[in-house]
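Enquirer: Got a predicted structure plus its sequence, pasted below:
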Amino acid sequence: MGIKYLISREQDGIYLKIEKDNKVLFPAVPEQILGDLAKRKIPFEPGPIETCFKEANGKPVKIAPVTEAQLIDITLLKVRISSDQLQAYLLVFPFLNGSKIDIPDIEKALEESKVKFGIKTDLFPQIVQQQNEYKEWLIAEGNACIDGEDAKLVFNFNPEGIDIKPQELADGSVDFFNLNLIQTVETGTVVAEKTPATPGINGITVHGEEKKARPGKDIRLPIGLNIQAVEENTKLIATKTGHIVYSNKKISVLPSYEVRGDVDFNTGNIKFPGNVVIYGNIKNNFEVEASGDIEIHGNLEGTAKTEGNLQVKKGIIRGKAVAAGNIYARYIENGYAESAGNIVITEAVMHSTTRAGKKVAVGGKKGLLVGGSCCAGEEISAKNIGSGLGTSTTLEVGIQPEARNEYKEVNRRLATLQEDYAKNDKTVKSLQEMKQQTGSLTGVKNELFLKICRLQYQIHREIEELKKRKMELEIQFHDMVKPKICVENSIHSGVNIVMGKSMFNVVEELYNVKFILDEYEIRHVPLRG
């Protein structure tokens, strides 16, 4: 709420009126009023002025008698400049002696304040006419800067990989064998186009000074393998025919590596900077690592790690799958699957650990998710979850697995450091007491004292950094997307649900339900009306 004031001269004395006004841009303060009274040579007592300011009820209060000294012609025109120097305001205070300001007075005030640009001369006559009461006039405006636009890159392919959802057929089976995870391009294909940054348009202040605009930021072209910049670095083209991927902030066109049988002792472990197609199985204890996609026609019994998508046309049996993209498989049994994207299973997940940054979907005729733990950043969906035997099954939704793991590690490390700090603090205090009693510490003890002090400083810094990271993660948990768990058929007792910091234990069988987080409480509602 703004405060404005008016000093007026009546026949019986000088009056002060202070009132509240939301339209005032430059609210008055007691010091300003006292200074104004002193400038006008009006005798006053500060106490009544401050009381009048606190009440601000708009009632005129007599503060002094009329004297000849107050009739001195004093120009009370003030110019205020906004912090960005793009607006100038003229504050007009009425005279006590009946004098009037004229246009030259306004011009002089602006000149003294060095206001040169954007002056609204058409307002001058209005100001002269309306000078009998305090008013603030926007008297000059500069030109604001127009910042430049940042450079943009438009991809002519899907940088996140092809979004594939297996189609469920009329008989309940899934056409899982005709998926194509590979995006191919021909030599010379324009894979991305860059819109250059613009320099921006400079502005000008009311003082007539140039105000520099922020130029748009350029971007580094994501040139990877078999990619070339052309047409003055505005287009990227493929220099080879192959599979295009966007990984580690670079576009690359990669060839594929094929294994016509199993990955076993005949092939050894495989690490390839592209796509890998295996027409057999990945046997136990063997590992395949790829920077592109991995396609396995058989079972995954060993380990597969990829920076792209992973497709297992049969099952993950006691194997481990880690993908930066999506994971597709018929079933997982006593296995481990971790994806930064989605995990799509077409039959069952049994007694396994699954962790997806986005969604875990278990469909097909069975659509069974039972035993072990399943964690997803956004959603878990299945036809049936748990079993009639009350098999322990844990579902976590709403927090990406890596964030939850980091939060646990931060808390563990924080507790350890705080305990170490407390132990060291006791030692420091003990040595300080010894120093006060003896006047000094021996060489060994003094060296120990200095060493512990340095260590305490390092521990303190790490504790503060961990506390900051813990708070960042908690804010991230609070702002998480609305998590949900969808169950098409039944969910049994023995299933434990975690959403953020909330927990829910299923104690009786439920059908056709959706679990959501409502005001930090997990509730279940009908999946379909």
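Expert: Yes, it's here. Note that this is a predicted model, so its numbers are computed, not measured.

Enquirer: and stretch 10-20, average pLDDT?
Expert: With pLDDT averaged residue by residue, stretch 10-20 scores 80.

Enquirer: What are the buried residues along that stretch?
Expert: Neighbour-count burial for stretch 10-20 flags I14, Y15, L16, K17, I18 (criterion: 16 or more other Cβ atoms under 10 Å). Every residue, glycine included, has its C-beta placed from N, CA and C.

Enquirer: again, but for stretch 218-236
Expert: Under the neighbour-count rule (16+ other Cβ under 10 Å), stretch 218-236 has L221, P222, G224, L225, N226, I227, K235, L236 buried.

Enquirer: OK, contacts around the first one?
Expert: Residues touching L221, when contacts are defined by Cβ atoms under 8 Å, 6 or more residues apart in numbering, comprise L153, K194, A229, N233, L236.

Enquirer: Can you tell me which of those residues lies closest to E474?
Expert: L153 (33.6 Å; Cβ to Cβ).

Enquirer: Output the contacting helices and strands for the helix or strand encompassing that closest one.
Expert: Taking DSSP states H and E as the definition, one finds L153 inside strand 152-155. On a contact count with 3 or more Cβ pairs under 8 Å, 6 or more residues apart in numbering; DSSP states H and E, strand 152-155 meets strand 190-195.

Enquirer: Skip ahead from the strand it packs on and say which helix or strand is next.
Expert: Following strand 190-195 toward the C-terminus (DSSP H and E): strand 203-204.

Enquirer: Which other helices and strands does whichever helix or strand comes after that next one contact?
Expert: For strand 203-204, the following helix or strand on the C-terminal side (DSSP H and E) is strand 210-211. Contacts defined by 3+ Cβ pairs under 8 Å, 6+ apart place strand 210-211 against strand 203-204.

Enquirer: what about the stretch 401-529 of the chain, any weak spots by pLDDT?
Expert: Residues of the stretch 401-529 of the chain meeting the criterion pLDDT under 70: 401-402, 476-481, 529.

Enquirer: and with 90 instead?
Expert: Within the stretch 401-529 of the chain, the segments meeting pLDDT under 90 span 401-411, 414, 417, 419-457, 459-460, 466-483, 498-503, 517-522, 524, 527-529.

Enquirer: where do the helices sit along it?
Expert: Counting by DSSP state H, counting those that start in this stretch, the stretch 401-529 of the chain has helices at residues 401-438, 443-478.

Enquirer: ditto for the stretch 1-150 of the chain
Expert: Using DSSP H, counting those that start in this stretch, helices in the stretch 1-150 of the chain cover 30-39, 46-55, 103-112, 124-129.

Enquirer: Find out how far the longest strand along the chain is from the centre of the chain, if you would.
Expert: Looking across the chain with DSSP state E, the single longest strand is strand 343-356. Distance, stretch centre to chain centre, for strand 343-356: 30 Å (Cα atoms, centre = their mean, to the nearest Å).

Enquirer: Which strands or helices does it pack on?
Expert: Strand 343-356 makes packing contacts with strand 327-333, strand 336-339, strand 359-362, strand 368-376 when contacts are defined by 3+ Cβ pairs under 8 Å, 6+ apart.

Enquirer: That strand relative to strand 368-376, how many degrees between them?
Expert: 50 degrees (axes from the mean of the first three to the mean of the last three Cα atoms, to 10 degrees).

Enquirer: Can you tell me the strand partners of strand 343-356 and which way each runs?
Expert: Strand 343-356 has its sheet partners listed here by DSSP bridges as strand 327-333 (parallel), strand 336-339 (parallel), strand 359-362 (parallel), strand 368-376 (parallel).

Enquirer: For it, the averaged confidence score.
Expert: 95.

Enquirer: which of the residues in it are buried?
Expert: So strand 343-356, judged by 16+ other Cβ under 10 Å, has buried residues 343-350, 352-356.

Enquirer: what does stretch 269-276 give?
Expert: In stretch 269-276, counting by 16+ other Cβ under 10 Å, buried: I270, F272, G274, N275, V276.

Enquirer: same thing with stretch 231-250?
Expert: Across stretch 231-250, burial judged by 16+ other Cβ under 10 Å covers K235, L236, I237, A238, G242, H243, I244, V245, Y246, S247.

Enquirer: For T198, which residues are in contact?
Expert: G148, E149, P215, G216.

Enquirer: ok, now how distant is the second one from I201?
Expert: E149 sits at a distance of 11 Å from I201 (criterion: Cβ to Cβ, to the nearest Å).

Enquirer: Cool, thanks, talk later.
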